[in-house]
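Q: no sequence on this one, just coordinates:
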């Protein structure tokens, strides 16, 4: 197995295929037992524990002294927090967590699948840890949408956008002071080619990042306008 990962490589495409198949299988099983409260509860608990477990595995892995780095090892990225939000959204189902999961998983974490900031291939443990905590975000948002039938409103959009931009602002201040790059709000560039490469020089690209994120969140509301009419 390769020790190097490249965006668009056969390894990348195969990984996306496996993630898609696992997500589809989970959704189909959830629908099959939709009327079985006991089975549904076990599914829900398994996903919530998986999200929390993935967060713990990722955090412990990168906080290990042998690989710890202040610039990238702290669990401060949006995807790190998305695991915790996912666990809460699936198990307790508070509205704010479900909406944040929806916008973060599809609007932000999708880029982690398409242009992962990952240099290590499947021969190294970093590869597996990365995909472990991202795939549980996928599981959670599919369950939230298909099984729990979550439908975001413009109120959900405004709240999720406010939380997202507020946290991005905090990360920008932290990265600016320390020279780190959490949330890609710092001066360093992602490890792999990504849309961030075309946003211009730092720090103005963080503003473009916020504007693009806002646009993406707004576009994620468009399908529900038509779904609501059909309903």
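A: Yep, it's here. None of the values given here were measured: they were computed from a predicted structure.

Q: May I see the buried residues of the longest helix along the chain?
A: Using DSSP state H, we find that the single longest helix of the chain is helix 37-63. Buried residues in helix 37-63, counted by 16 or more other Cβ atoms under 10 Å: 43-44, 47-48, 50-55, 58-59, 61-62. The way it works is simple: take the backbone N, C-alpha and C, and place the C-beta from them, glycine included.

Q: After it, which helix or strand is next?
A: helix 78-91 (DSSP states H and E).

Q: ok, now how distant is residue 81 from residue 107?
A: Here the criterion is Cβ to Cβ, to the nearest Å. By it, residue 81 lies 14 Å from residue 107.

Q: So for these two, which sits in the more crowded spot?
A: Between residue 81 and residue 107, counted using other Cβ atoms under 10 Å, the more crowded position is residue 107 (22 against 17).

Q: To which secondary structure element is the nearest residue to that one once chain neighbours are set aside assigned?
A: Spatially, and ignoring its direct neighbours in sequence, residue 107 is nearest to residue 216 (4.7 Å; Cβ to Cβ, 6 or more residues apart in numbering). Element membership for residue 216 (DSSP H and E) is helix 204-219.

Q: what's the helix or strand hosting residue 160 packed up against?
A: Taking DSSP H and E as the criterion, residue 160 maps to helix 154-178. In this structure, helix 154-178 makes packing contacts with helix 78-91, helix 95-104, helix 204-219, judged by 3 or more Cβ pairs under 8 Å, 6 or more residues apart in numbering; DSSP states H and E.

Q: Moving C-terminal from the shortest one, which element do we reach first?
A: So the one you mean is helix 95-104. With elements assigned by DSSP H and E, the helix or strand that comes after helix 95-104 is helix 110-114.

Q: Can you list phi and psi of residue 200 for me?
A: phi 90, psi -170 (degrees, to the nearest 10).

Q: count of residues packed around the spatially closest residue to it that is not a sequence neighbour?
A: Excluding the flanking residues, the one nearest residue 200 by Cβ to Cβ, 6+ apart is residue 208, at 6.6 Å. Neighbourhood size, residue 208 [other Cβ under 10 Å]: 14.

Q: thinking residue 208 is in contact with residue 201, fair?
A: No - in this structure, residue 208 is not within contact of residue 201 by Cβ atoms under 8 Å, at 10.4 Å.

Q: list the contacts for residue 153?
A: residue 224 (Cβ atoms under 8 Å, 6 or more residues apart in numbering).

Q: Distance of it relative to residue 4?
A: Applying Cβ to Cβ, the value for residue 153 to residue 4 is 44 Å.

Q: How about residue 39?
A: Here the criterion is Cβ to Cβ. By it, residue 39 lies 42 Å from residue 4.

Q: swap in residue 66?
A: Residue 66 is 20 Å from residue 4, where distance means Cβ to Cβ.

Q: higher neighbour count, the two?
A: residue 4 (13 against 4).

Q: Chain neighbours aside, what residue packs nearest to the residue most central in space within the chain?
A: The centre of the chain sits closest to residue 109, judged by Cα atoms, centre = their mean, with a distance of 3.2 Å. If the residues on either side of it in the chain are set aside, residue 109 comes closest to residue 137, at 5.0 Å by Cβ to Cβ, 6+ apart.

Q: ok, the closest residue to residue 122 other than its chain neighbours - contacts?
A: In space, residue 122 comes closest to residue 1 once its chain neighbours are excluded; the distance is 4.5 Å by Cβ to Cβ, 6+ apart. With contacts defined as Cβ under 8 Å, 6+ apart, residue 1 is in contact with 121-123.
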